[in-house]
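Chemist: I would like to see how this sequence folds:
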Amino acid sequence: MDELRVTWDAELSGRLLALLPQETRRYTSGESSSVPWETAQSLLASLLYTLRLNGEAPGERGRQLAESDLAEELRRGQTRLRRKMDYARRLWRRLAGSGAAGDSRALGETLLGIGEFWRRYDWRFAAHEVPCDIDYPLALPVSEELQGVDYLTEWLSRLETELRFRDAFPREAWEAAWERFHPERYDLPLNLYEPLAADALCLFALGRDVRALAVGPEERRAFALRMELLTEGETEAALRRWAEGLGEALGLPEGRDRRYLAAYAGTLLPRIRTAVAEGGWPGIFP
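Modeler: Prediction:
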């Protein structure tokens, strides 16, 4: 057991490794404090995640734990996880009942699969795992550094943000934009926020009606001519301004929704750079 890798100071490492056999006995229902290597590594990963410790450096959290009762901190961590599970379940139920599952097969199957999370999730001994399939791609993927219910909660929160953006437009407008984007989009694992956000940013930049989401050859040409006159730094600044203005024009909630749009706009920079060089504007706007 003492060969398990924990890369912090010896005192904290020793206290963590002393706690691990206790968790192992609970895992085996008191029958043993010895388990296979892979199981021990998984139990340790779950323990570190529950204690909110980064796997590479302890930072301030490590210093706090070095002076704390680790068993008590573990109980507090598990309480936090259960509360987060309750929040994530409420969020999932809201999304599952929103009708969004009908927008895309991948999204529908993902929401259905997430419904199994609460039955499969082991918050005591495998808290770092995400025991469900998530196949629908977000416009801004969740960092793989997040684990367990924190990953799921962030994923669901981002999806909710994307759906609120969709709902800022008339249904006929976003359905028409999706049809231009890809006629077979229902059966393909494609993100449905991107084409709406890209079209809306284009229209806002041109001073057109953003809620119409109508980007055609004329709009692409006009946007291309505008972009060709800007330096890379000017383009980046313009995307930021347009995202801020679009968020305000659509009445998006301040905070997460507007930050998400601004972050997405930033991802368009390399694509715009390529489009300017090669004239590939249909690759940005459906």
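Chemist: show me the shaky parts of the stretch 51-200 of the chain.
Modeler: Applying pLDDT under 70 to the stretch 51-200 of the chain picks out residues 54-60.
Chemist: all helices of it, in order?
Modeler: Along the stretch 51-200 of the chain, the segments classed as helices by DSSP state H, counting those that start in this stretch run 59-66, 70-96, 105-114, 117-120, 148-166, 171-181, 193-206.
Chemist: okay, those in TSV with distance to Pro137 and mean neighbour count next?
Modeler: All C-beta spots, glycine's among them, are computed from the backbone N, C-alpha and C. Below are the helices of the stretch 51-200 of the chain laid out as TSV (distance: least, CB to CB, whole Å; neighbours: other CB atoms under 10 Å):
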stretch	distance to Pro137	mean neighbour count
helix 59-66	31	14
helix 70-96	16	15
helix 105-114	8	19
helix 117-120	19	14
helix 148-166	11	21
helix 171-181	14	17
helix 193-206	9	23
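Chemist: out of the ones you listed, which gets nearest to Leu44?
Modeler: The minimum distance between Leu44 and these falls on helix 70-96, with 12.5 Å, by CB to CB.
Chemist: compute the inter-axis angle for that closest one and helix 148-166.
Modeler: 30 degrees (axes from the mean of the first three to the mean of the last three CA atoms, to 10 degrees).
Chemist: that older thread, need the helices of the stretch 51-200 of the chain in JSON lines with distance to Asp135, can you?
Modeler: Shown next, in JSON lines, are the helices of the stretch 51-200 of the chain (distance: least, CB to CB, whole Å):
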{"stretch": "helix 59-66", "distance to Asp135": "33"}
{"stretch": "helix 70-96", "distance to Asp135": "15"}
{"stretch": "helix 105-114", "distance to Asp135": "5"}
{"stretch": "helix 117-120", "distance to Asp135": "14"}
{"stretch": "helix 148-166", "distance to Asp135": "12"}
{"stretch": "helix 171-181", "distance to Asp135": "18"}
{"stretch": "helix 193-206", "distance to Asp135": "16"}
